[in-house]
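>>> let's see this in three dimensions:
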Amino acid sequence: MGIEGSFEWISLVYMIFGTIIGIVVGALPGLGAALAISIFLPFTFTLSPVPSILFLFAIYVGSTYGGSIAAILINTPGTPSAAATVLDGYTMAQNGFPKKALSTALYSSVFGTFFGVIVLIIFAPSIAKMAINFGPVEYTALMFFSLSMVAISAGDQMLKGLITACFGLFLATIGLDPILGTSRFAFGNTNLQGGLEVIPLLIGLFAVSEVLIQVEKLSRGESDVASSISLNQNNKDRSITMKEFIATWKSTLKSALIGTGLGALPALGGSVACFVAYNEARRSSKDPAEFGTGCIEGISAPETANNATCGAALIPLLTFGVPGDVVTAVLIGALMIQGLRPGPALFQEHGAIINGLFIGFLICSLLLLVIARMCLPLFSKIIHIKDVYLFPAVIILSLTGAYSMNNSIFDVKVTILFGIIGYVLRKWNYPLPPLIIAFILGSIFEMSLRQALNISETGLLALITSPIAALFYAATIYALYKTTKKAKLVT
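Numbers count the residues shown, from 1 in each chain. Okay, here's the model as predicted:
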């Protein structure tokens, strides 16, 4: 009955509308799946379980892809999980290939979603058991491994990358101490007690700083960027070919595995997976220097990973009732409203409905492919807009998105401040990705490290006693060794 319900016309209609809503919301900076699902959740109260949950799943999938649209076209991650897509996606659009960048992100997103759901269907119980075994010691090792990727992502600017990473770690400490509850670096400002929000910081560093740089270029009489892009696009731009996409299968498959693995771990998700996948693709590439210059793998890797987390994040949610991220935390409420209590008994008591949701999730990924593919020409036309119209629109959308997070003027001020900081860092050739990686991972790393030390009787020795932790430390040493070896070869 559940599988039949996923093919009913009402389910298909709601999935279509959910996909469209998700793409639009994801493309608007500062919004995202959690906000969209919260807004449209009341509309599902009168529906049966299958169409109501699939409607929310479609919003989830659509918004995860939608974040790449703004990242590619206006250098603004629509969602935190699209932050790494900016690095090569926007550059490819500037080089005159916005349609190619958008189609690469689309096909990678669909593959990642499909892969994540297949893993969810086949391996949900076993992966959930593995994920639930992660304690503070294992999380510390995982965060240490992820932070070590900062050195790789910085490339030839390793020293500057470490400086910006340290700045990001400092920013992550602002607010209340996670263990003692004391205030740190708030300077009496109540708005800083809860720490800095990632969305205003992202928007400021990428969007506002980009506008400031482009305005500076226009003030010097340099050519209109949008016009030159449009000229190149008319002659050369096209969607990525199947041959080009298949050529990236190694990094794409690896990114899908990374997204699935990290998505199944509570408190992580697409924002972490996209950077880990991007850095791993760059590390293992035959020509890492191509990354950051409009490389196809630089788009496919993060987009595959962040969409793979969509299905994987449901593993701990459905099997143990543990939300993997903010979106799945909202989905818990949606499931319980429909009488579906997440946990081990869910598969036994409502197996037919769960099967229908799994099949429907696969249909959502196919609908994303069809709907977004039809809209690609429309998306790519944004790049034709003259800078004098585009940049004010970007600023308005960015500040509105920052304000909509908490309806706070303070977040708008933070966005403007980090726009100026991002402008200065870019003028002095300091890379921004290490700052973002360190900021996102910093709070998780601090919490897990301090918890591991508090519960341990052997001090630092406890951090390497776990086999899982030891595996991550070994991977860290190997990755840094390979990076150093490549650097010497280049030198």
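>>> could you point out the helix or strand that follows the helix or strand of the chain with the lowest mean pLDDT?
Least confident helix or strand, the chain: helix 225-236 with a mean of 46, by mean pLDDT, DSSP states H and E. The element immediately downstream of helix 225-236 (helix or strand, assigned by DSSP states H and E) is helix 242-246.
>>> buried ones in that following helix?
Phe245 (16 or more other C-beta atoms under 10 Å). Glycine gets a C-beta too; all of them are placed from N, C-alpha and C.
>>> tell me what it is packed against?
In terms of contacts (3 or more C-beta pairs under 8 Å, 6 or more residues apart in numbering; DSSP states H and E), helix 242-246 is packed against helix 98-132, helix 296-312.
>>> could you measure Glu109 against Cys364, distance?
One thing to correct before we go on: residue 109 is Ser, not Glu. 11 Å (C-beta to C-beta, to the nearest Å).
>>> where's the residue nearest to Val110 when sequence neighbours are not counted, which helix or strand?
Spatially, and ignoring its direct neighbours in sequence, Val110 is nearest to Leu369 (4.7 Å; C-beta to C-beta, 6 or more residues apart in numbering). Using DSSP H and E, Leu369 falls within helix 351-380.
>>> starting at the chain centroid, how far to the helix or strand following that helix?
Next along the chain after helix 351-380, taking DSSP H and E as the criterion, comes helix 387-406. Computed by C-alpha atoms, centre = their mean, to the nearest Å, the separation of helix 387-406 from the middle of its chain amounts to 20 Å.
>>> now do stretch 63-78
Remark: stretch 63-78 is offset 10 Å from the chain centroid, using C-alpha atoms, centre = their mean.
>>> could you give the mean pLDDT of it?
Mean pLDDT, computed over stretch 63-78, is 82.
>>> repeat that for stretch 306-315.
82.
>>> centre of the chain to that stretch, how far?
When distances are taken as C-alpha atoms, centre = their mean, stretch 306-315 is centred 11 Å away from the chain's centroid.
>>> send me it as PDB with only the CA atoms.
Extracted in PDB, the C-alpha atoms of stretch 306-315 (Å, rounded to 0.1, in the frame of the first residue of the first chain):
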ATOM      1  CA  ASN A 306      25.900  17.200   0.000                       C
ATOM      2  CA  ASN A 307      23.000  15.500  -1.700                       C
ATOM      3  CA  ALA A 308      24.100  12.100  -0.600                       C
ATOM      4  CA  THR A 309      23.700  13.300   2.900                       C
ATOM      5  CA  CYS A 310      19.900  13.700   2.300                       C
ATOM      6  CA  GLY A 311      19.200  10.000   2.300                       C
ATOM      7  CA  ALA A 312      22.000   9.100   4.700                       C
ATOM      8  CA  ALA A 313      20.700  11.600   7.300                       C
ATOM      9  CA  LEU A 314      17.500   9.600   7.500                       C
ATOM     10  CA  ILE A 315      19.300   6.500   8.700                       C
END
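>>> tell me which element Val412 is part of?
For Val412, the enclosing helix or strand under DSSP H and E is helix 409-427.
>>> what packs against that helix?
Packing partners of helix 409-427 (3+ C-beta pairs under 8 Å, 6+ apart): helix 198-202, helix 209-219, helix 387-406.
>>> let's see 10 Å
helix 158-172, helix 198-202, helix 209-219, helix 387-406, helix 433-455 (3 or more C-beta pairs under 10 Å, 6 or more residues apart in numbering; DSSP states H and E).
>>> and that helix with helix 209-219, angle?
Interaxial angle, helix 409-427 versus helix 209-219 (axes from the mean of the first three to the mean of the last three C-alpha atoms, to 10 degrees): 60 degrees.
>>> so for helix 409-427, what gets flagged as buried?
For helix 409-427, by 16+ other C-beta under 10 Å, it's 410-412, 414-416, 418-419, 421-423, 425-426.
>>> which pair in those residues spans the largest distance?
Spatially, the most separated pair among the buried residues of helix 409-427 is Phe410 and Arg426, at 24.3 Å (C-beta to C-beta).
>>> coming back round to it: OK, contacts around the residue nearest to Val110?
Under the criterion of C-beta atoms under 10 Å, 6 or more residues apart in numbering, the neighbours of Leu369 are Thr19, Tyr65, Leu106, Tyr107, Ser109, Val110, Phe111, Thr113, Phe114.
>>> same question for Ile296.
Contacts of Ile296 by C-beta under 10 Å, 6+ apart are 88, 92, 97, 100-101, 104, 108, 240, 244-245, 247-248, 251-252, 290.
>>> any stretches of the stretch 251-400 of the chain with poor pLDDT?
Filtered on pLDDT under 70, the stretch 251-400 of the chain yields the residue ranges 265-270, 320-326, 329, 343-345, 347-348, 380-387, 390.
>>> need the residues touching each of Ser109 and Cys364.
With C-beta under 10 Å, 6+ apart as the test, Ser109 and Cys364 both reach Val61, Gly62, Cys310.
>>> pretty sure the second one sits in a helix.
Right, the one you point to is Gly62. Yes. Assigned with DSSP: H, G, I helix; E, B strand; the rest coil, Gly62 falls within a helix.
>>> that one contacts Ile37, doesn't it?
No. At 11.0 Å, Gly62 does not count as touching Ile37 under the criterion of C-beta atoms under 10 Å.
>>> mutual contacts of those two, please.
Residues touching both Gly62 and Ile37 (C-beta under 10 Å, 6+ apart): Gly18, Ile21, Gly22, Val25.
>>> quick one: the helix or strand harbouring the third one to helix 351-380, angle?
This points to Gly22. Per DSSP H and E, Gly22 falls inside helix 9-27. Angle, helix 9-27 to helix 351-380, by the same axes, to 10 degrees: 50 degrees.
>>> pLDDT averaged over helix 9-27 - what is it?
Helix 9-27 carries an average pLDDT of 86.
>>> can you pull the buried residues of that helix?
Buried positions in helix 9-27, judged by neighbour count with 16+ other C-beta under 10 Å: 11-12, 14-27.
>>> confirm Pro431 sits in a strand?
No. Counting by three-state DSSP, Pro431 is not part of a strand but coil.
>>> quick check: it touching Leu425?
Yes. At 8.0 Å, Pro431 counts as touching Leu425 under the criterion of C-beta under 10 Å.
>>> picking that back up, ok now the helix holding Leu369, how far from the chain's centre?
How far helix 351-380 lies from its chain's middle: 19 Å, per C-alpha atoms, centre = their mean.
>>> now the angle from that helix to helix 296-312?
Using the same axes, to 10 degrees: helix 351-380 against helix 296-312 is 150 degrees.
>>> Gln193 touches Phe410, doesn't it?
No. Contact criterion C-beta under 10 Å: Gln193 and Phe410 do not qualify, at 11.3 Å.
>>> centre-most residue in this protein?
With distances taken as C-alpha atoms, centre = their mean, the residue of the chain nearest its centroid is Ser81 (1.1 Å).
>>> and Phe40, how far is that from Ile20?
12 Å.
>>> report the contact partners of Val117.
So Val117 contacts 57, 61, 260, 307-308, 310-312, 314, 357-365 (C-beta under 10 Å, 6+ apart).
>>> leaving aside the residues next to it on the chain, what's closest to it?
Val117's closest residue in space is Gly311 (C-beta to C-beta, 6+ apart), at 3.9 Å.
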